[in-house]
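Novice: The sequence isn't on hand, but the structure is:
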């Protein structure tokens, strides 16, 4: 498709706002916010950088109308007039960069983390939020006050030069969304009961916002086209309400789907969801309103976005994570440079998952996210001869970064192909999209002149012969086989080798030791391959049913994996009858039994397995760096070669070390 | 929407019948029928009253063509000419009231209860019906005879002045429906096998009816747009047959869905189904026929009905339970008085459930159902000062009824809001619709001048000070904590307090004692809130997986709950891994263990629970009535304050007592 | 519908090819192929015979571009120029018969059985195929070579006079399909990653084929409209790619669905799938391309096919198994002779299932399949008086065959209806379609003058009195009650009698002995009838929940049943909580207990059953043949009367014996 003349990249007039194209940056929680509600430069840079990249509009997430009720730890605010000037600076930077800033005006309602500050969150009724805090059912007077706060925040947004505001009543989430949803709103006054009553809060919010901004100042509204939950709002309900939202003053509808608590996987679709999960609902809603309708939800390929707009299903698309991955997505698309676009694999690995160690939004494949202008695209002062050992995610990121900075880069890879351990991570159903990272880095590596040698196990002699000025050791990790009793006496099968296709499991009882991603995806893949007497050449008795047992030391499976990937996989394993043992230590193994110790100290043998597979993670593999340091000026060890972790760490460290050469 | 000029309230010509609007009363089993097949006044009144309320047509359920095979205990009939005159009286009353009577002409086939009279029900093949009676496969001669009986019944209906007849081949149910469905019809003659053969009985029935009525006398046909069952008829099959039904003489199609046995929840969608469950199928079928198409199935809001007709998806709607709840639904809608409409919450509580104690069709929110003219809307002879203690369902119904009869009514409520125990019943997913009863009663209470005092625990002194002439004690019930060993030694957690949000269950093993609605909905809600390391502020180890165990003394869960709500909830609990113990008595409890006794007398401790919740129902709470009787002229105790039962008893007793003041 | 003037039977121009109608014969693996890749007469006859029957085009399955990688044991090939002449003979025979031959040009890729010859199959990545062989990830050079092979094979097809070729990238199957699907393609080069990259192989294959045939020589492409798998391609993806396939040179799209490994039931929909499983996807794809779109997938009734084409949903249909059942399907349809059409019941019984005993494609209801011209439709030399004892599938096939050959045929049946044991096989949900065989044979029997006597248990005296010249004994089989300890001491209930409706199971714990189709369908039917306190006349405590246990000696349930029927039924039984015991021998029974022996020799009593049902198959029943041989010139025993087996053997033996009279 010729993007330049596509409908996606044609202008769109929404009230007073002329959008250069129909790609919007969807609101995402960055966790760079400031405690005082202002917009710190680091946060503003994220949006300005996407504006520079050609995005139609950029939407900043969760701008609260009342700082007393923070959404996250720190929450951007427009709840006081004194916040307008600094917000205006931000809006102006976005405007100068060619786009328009759209603040998502919210009151977090039941979702507020004020529970951690021993203030009961506000809600329509007593809802238990994701932090297990119970919200207080607000009075009708409080409702009227809060509605006014929305109006004031809208006014401030216009005064700050924003191009539009976005209100949010999707996902049965935040105050408006929880009033609208029968899953949250159990009131028995005029704001509860029927769909019309439950919509009253949202409609009054829109009307109040409309009263406080210019008549043609655009008000976007994010809705769930279908809450996809028994007892939630359905598409039928939204087809009934959409014209009413329009009549109340909404200028554009952004159609998402699902609900926040019951199925995070629906509102942030990851690796087990198809593309465009909400396009059908958006296209149906478009038929009952006269205003533009955007779709949001795993639209992670600009060509697909262009196609659904070209077919007239929707008027535009909101893309979130793809713009985190590549701020210049729109610019490159318009030029038809699709291979140049850094792809989002909807992995949710570091943009959704949060932990003590990584409390902010990051992106596996874009190390510059959140430090937009720290690493300018300029050649290194001095071009060096660089050797990268290992073509996994970390090694490839290092090689590309170094080569694009003008270094003379060679990559040695022991395997016959790039990808390293990522080749295991893409095997299970739904995980294939992560191959797109490697395809992209491979394209850039070739373009920047990186030389590859495969089936090349690096030795000190070889390195000496090459005489590189710098070596980046990205030799990754090897499957971990802890010194458990029996591992020396029996042949050890690893989950890694199974995922590599080194052996097959035609049928029988399988015990997978471990409960992380590798172990669980090994269980899933083994069950996917269970095709007893399928359409095969004559009935083959050697192929039959497969029964899987998982043994995990921790209290739960898939610890740290983001909920949209974790919960569906656990459901799938349970539905396929996998026997799940958590809080269970492995004491001893044979090739057919496993001795375990339960949380209460009792021990027992789990017996009768045809296969016992080790999926207990991996251990760093770095046989060379110390030796190399003896004769190579600069040696950097990155990623799993340091310590086995998510691929993100390998890619970030690969980038940083290569950039610093 | 302006209902007066809406398409829903525009006339519709169907053959010789001019309908004043496109709202029909769907056929429902009232269980007021007479043993001799005639239409008793009590039954006729139900339809006449809805005719007076402006309903386009009213359809009387299950009028059999052969009394030897009764549908229910008593079954209305048109199988003898001598029944025509009394049926004509009934039809004329409906006509005078501005509507038109449409008898649903049926032969119950496999569904007949004649099995209880040791007569094998008739069917296409040997089907086991809901009463576990096996039908006899009828011969081809018998088929031809029965087809003629349909023709005669149609003739009689026209002779009786009915506006149309409705034939029924939906739900794989009754003789025509079971011939049409591959789930029932296993014949190997020309009435079995292919879809065309299985449709032969239905088409011959239509043609015979058409031959025996005037050419333009309308024949409606109720079909399942999709039987929603593996091995059942699909929408594709109905799209193929619909034009053939039209060609055979059908004037209007009423599109329902599902099958009677396998999923009552589909044909009478209750609280876990979205609105308009069959609208999609109806709208697709409308595209392949030239006759009007009505949709039926949880269309329980007139504004939603108007919207789907306005959008041209369907030509009209059949509403059943909403017209049981409010006979004047259409009249009020045309006047735009939506708050006046008594809402149906699709609870199925007393219109679907049957038991020895309640063998007839009733309606929770409409105490006048089945005694339509017994309680005229006229002021009480003398206005009294009335105090209602308790703003739950019973108290609110009493207050509204009394105030609308001219009494000076004050309500004292201990809680800070109306609703009483209904506030617990609306928490679980899908149950929110019952809030609409309270929203409606609250609206009427305010309109009738009822004065409310909240956070007011009534005392004898306060009552004495108020000096009411009559008091209605509606103080409901408190959670029942039976004197089980251990309840005195450990803090007792109740399911009621959990549903109220008084405490949260972040993770762990939960044992809920009981197996009724409160216990099962507590289990469901606890599991809904299980959002291990969801998208929360950093990984919060205190939130994790939840495992639930239910302990029920009776042989099954949810005894007495109507099947459309009962079966999906049990399926859901099982799919979420709830450990269900029935026929299991509770002998002793601690805060972490429960000692149980199985049906065979064996006893065991269920251990390792983090929470033990009492969900064993509730016990009436009436601390005052005896004291009040000493100084208040009239004291009436109603609802759970008498004995803990369904909310319906509280509302009916509240109505009756208040009306009798 | 008047088929003669229907759109289905109107011509269709596709490039240079003029199709006489829009019915195509879908490609199916016949297993008649030759080792050297040529087309043996037996295989060619199948297609020529369907051409004679009026089929628009006939497609021969899996013609490989490289014999080194066979699809099945023997695989037809066009990988060498010397194969063209014999292929041309075949194409010419099809042309002379009024149709056109379309070879499906494939490279089996991961699906090749070369693994059995210790050659690693080829694929995009390391996939484990249905035979548990792991494919080798091919290099880019190998890709380019293989693409050229496709071009050469296309050239040869045109040179051989074929009307078109069909390429195949459906079902995540074979080389092109596995490159296209993210379930198989885990590459990290330009042929992996994004949807556009994964489509590169398919598009280059189309372009290369287009370059090597005339510009208007039609190229069909079979796709999965939706792979119906988490992590697979969705309809959204295919709507995006379809215009690109058209632009690359495709002339017609054949829309199937699903994937080969994970759900054979989707690509060959059998008895638990609705008709037209892929019609929706085909109709949506039709909206985004300008070329004709055919639907394939359980379109097993020509009237349904005509309807979806008439409604403009699709331009044509591909029918596979229905054309195996009746080669003259189109001829008879055009003449409106629908009763004459031998129906396909989508049973998959002998066209999909393969075993050592039956390694080829057969058809239950068409004994002539694969021996098309061996049994000409000509009268027998001498008309004989023939008695057939038993009106089950075998007896009916024998009676029809004999009568149509001019014999004077009488059938005696002990039951009151035809069908024999098939009456049991059609009871479970989804199995009803097999009634169509009996309806059809019954129609032909009456047409051919067969005389029936029902409720007639044949005795030697009666036979003597009739004095037939030939008797065909088709007395079938009786339930098998093996001499297990206890069977003499307790009343034995059989699964057969339950399925016949001889007794009902209102509630309780049920143990079904056996694990074959009868046992599993008895479990399924018992659970379908479990309708606790459904909408019945008052709450009937005698009806309640049902719990089922299966005890099977073999290592798995439903051994030998084709995967599309086997896997969904096992999933359903598991989802309904059936307790499945395999590798478990039955040692002893009472009416409430079963003593079993596990694989490890341990024995235990399974207790507390309310019902113990015998579903251990059946034993041949032939009380007469030996006696008859004393006075009847010709006595033939067929089907289960010989040995209890699939109904197919009864029908084939009935046909062969009757034809040979």
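Specialist: Great, that's in hand. This structure is a prediction, so every number in the text was calculated from the model and none was measured.
Novice: What helices and strands are in contact with the helix-or-strand element of chain A with minimal mean pLDDT?
Specialist: Of all the helices and strands that make up chain A, the one with the lowest confidence by mean pLDDT, DSSP states H and E is helix A:264-267; it has a mean of 87. Using 3 or more CB pairs under 8 Å, 6 or more residues apart in numbering or on different chains; DSSP states H and E as the contact test, the elements touching helix A:264-267 are helix A:563-575. Where C-beta positions appear, they are placed from N, C-alpha and C, glycine not excepted.
Novice: Give me the buried stretch members for the following helix or strand past the helix it packs on, please.
Specialist: Following helix A:563-575 in sequence order, the next helix or strand is strand A:579-581 (DSSP states H and E). If you call a residue buried by 16 or more other CB atoms under 10 Å in any protein chain shown, then strand A:579-581 has these buried ones: A:580, A:581.
Novice: gap between the longest helix belonging to chain A and the chain center?
Specialist: Residue-count comparison of every helix in chain A, with assignments taken from DSSP state H, identifies helix A:140-159 as the longest. A distance of 32 Å separates the centroid of the chain from that of helix A:140-159, by CA atoms, centre = their mean, to the nearest Å.
Novice: shaky segments in chain A?
Specialist: Using pLDDT under 70 as the threshold, the predicted model of chain A has low-confidence ranges A:529-542.
Novice: Outline the domain layout of it.
Specialist: A:3-340, A:385-479+A:620-660, A:493-533+A:541-616 (automatic domain parsing).
Novice: closest one to residue B:97 among the ones you listed?
Specialist: In terms of CB to CB, the element of the domains of chain A nearest to residue B:97 is domain A:3-340, at 27.8 Å.
Novice: Quick one: name the residues of the stretch 1-150 of chain A near chain B.
Specialist: With CB under 8 Å from any CB of the partner chain as the criterion, the stretch 1-150 of chain A comes near chain B at residues A:72-73, A:113, A:116, A:126-128, A:130-134, A:137.
Novice: swap in the stretch 251-400 of chain A?
Specialist: Taking CB under 8 Å from any CB as the criterion, the neighbours of chain B within the stretch 251-400 of chain A are A:260, A:261, A:262, A:264, A:268, A:288, A:352, A:354, A:355, A:356, A:359.
Novice: Which members of these are positioned in helices?
Specialist: Using DSSP H to define helices, the subset of these located there is residue A:264.
Novice: List buried residues within the residues of the stretch 251-400 of chain A next to chain B.
Specialist: In these, burial by neighbour count holds for A:260, A:261, A:262, A:264, A:268, A:288, A:352, A:354, counting by 16+ other CB under 10 Å.
Novice: can I get those in TSV with distance to residue C:548?
Specialist: As requested, those are arranged in TSV below (distance: CB to CB, whole Å):
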residue	distance to residue C:548
A:260	39
A:261	35
A:262	31
A:264	36
A:268	40
A:288	47
A:352	42
A:354	46
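Novice: What is the burial count for residue A:475?
Specialist: The burial metric for residue A:475, expressed as a neighbour count using other CB atoms under 10 Å in any protein chain shown, is 27.
Novice: Help me confirm that it comes into contact with residue A:638.
Specialist: No - Residue A:475 is beyond contact range of residue A:638, at 9.5 Å (criterion: CB atoms under 8 Å).
Novice: Would you check how far apart the residue of the stretch 351-500 of chain A found nearest chain B and chain C are?
Specialist: Using CB to the nearest CB, residue A:355 is the residue of the stretch 351-500 of chain A that sits closest to chain B, at 4.4 Å. The span separating residue A:355 from chain C equals 26 Å under the rule CB to the nearest CB, to the nearest Å.
Novice: Determine which two of the buried ones among the residues of the stretch 251-400 of chain A next to chain B are furthest apart.
Specialist: Across these, the longest distance by CB to CB is 37.7 Å; it joins A:288 and A:354.
Novice: now the end-to-end length of stretch A:462-481.
Specialist: The separation between the terminal residues of stretch A:462-481, taken as CA to CA, to the nearest Å, is 30 Å.
Novice: for it, the distance to its chain's centre please.
Specialist: When C-alpha coordinates are averaged (CA atoms, centre = their mean), stretch A:462-481 and its chain have centres 31 Å apart.
Novice: ok, the single nearest residue of the stretch 501-650 of chain A relative to chain C - how many residues close by?
Specialist: With CB to the nearest CB, the shortest gap between the stretch 501-650 of chain A and chain C falls at residue A:501, namely 3.2 Å. For residue A:501, the neighbour count with other CB under 10 Å is 20.
Novice: Now do the closest residue to it other than its chain neighbours: how many residues are near it, please.
Specialist: For residue A:501, the nearest residue in space outside its immediate sequence neighbours is residue C:126; the separation is 3.2 Å by CB to CB, 6 or more residues apart in numbering or on different chains. Taking other CB under 10 Å as the neighbour definition, residue C:126 ends up with a count of 19.
Novice: residues near residue A:444, how many?
Specialist: Counted with other CB under 10 Å, residues neighbouring residue A:444 total 19.
Novice: Identify the residues contacting the spatially closest residue to it that is not a sequence neighbour.
Specialist: Distances taken as CB to CB, 6+ apart put residue A:400 closest to residue A:444, at 4.7 Å, once the chain neighbours are dropped. The contact partners of residue A:400, by CB atoms under 8 Å, 6 or more residues apart in numbering or on different chains, come to A:441, A:444, A:445, A:448, A:450, A:658.
Novice: will you turn the residues you listed into JSON lines that also has distance to residue A:11 and secondary structure?
Specialist: Formatted as JSON lines, the contacts of residue A:400 follow (distance: CB to CB, whole Å; DSSP: H, G, I helix; E, B strand; the rest coil):
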{"residue": "A:441", "distance to residue A:11": "34", "secondary structure": "helix"}
{"residue": "A:444", "distance to residue A:11": "31", "secondary structure": "helix"}
{"residue": "A:445", "distance to residue A:11": "37", "secondary structure": "helix"}
{"residue": "A:448", "distance to residue A:11": "35", "secondary structure": "coil"}
{"residue": "A:450", "distance to residue A:11": "40", "secondary structure": "coil"}
{"residue": "A:658", "distance to residue A:11": "40", "secondary structure": "helix"}
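Novice: can you give me the strands in the stretch 451-600 of chain A?
Specialist: Taking DSSP state E, counting those that start in this stretch as the test, the strands found in the stretch 451-600 of chain A are A:451-453, A:470-473, A:477-479, A:493-494, A:508-513, A:546-551, A:579-581, A:585-589, A:594-597.
Novice: Residue A:419: which of the ones you listed is closest?
Specialist: When the strands of the stretch 451-600 of chain A are compared by CB to CB, strand A:451-453 sits nearest residue A:419, at 12.4 Å.
Novice: what's in contact with the closest one?
Specialist: Counting by CB under 8 Å, 6+ apart, residues outside strand A:451-453 touching it are A:391, A:409, A:410, A:411, A:412, A:413, A:418, A:445.
Novice: which is the next helix or strand following the strand ranked longest in chain A?
Specialist: The longest strand of chain A (DSSP state E) is strand A:57-64. Toward the C-terminal end, the helix or strand that comes next after strand A:57-64 (DSSP H and E) is helix A:84-96.
Novice: how far is that following helix from where the chain is centred?
Specialist: From the chain centre to the centre of helix A:84-96 is a distance of 28 Å (CA atoms, centre = their mean).
Novice: Same question for stretch A:81-92.
Specialist: How far stretch A:81-92 lies from its chain's middle: 29 Å, per CA atoms, centre = their mean.
Novice: Check stretch A:264-277 too.
Specialist: Relative to the chain's own centre, stretch A:264-277 is displaced by 10 Å; criterion: CA atoms, centre = their mean.
Novice: What's the end-to-end length of it?
Specialist: The first and last residues of stretch A:264-277 sit 13 Å apart, counting by CA to CA.
Novice: right, and out of the contacts of strand A:451-453, which lies closest to chain C?
Specialist: residue A:418 (5.5 Å).
Novice: what's the neighbour count on that closest one?
Specialist: Using other CB under 10 Å, residue A:418 has 25 neighbouring residues.
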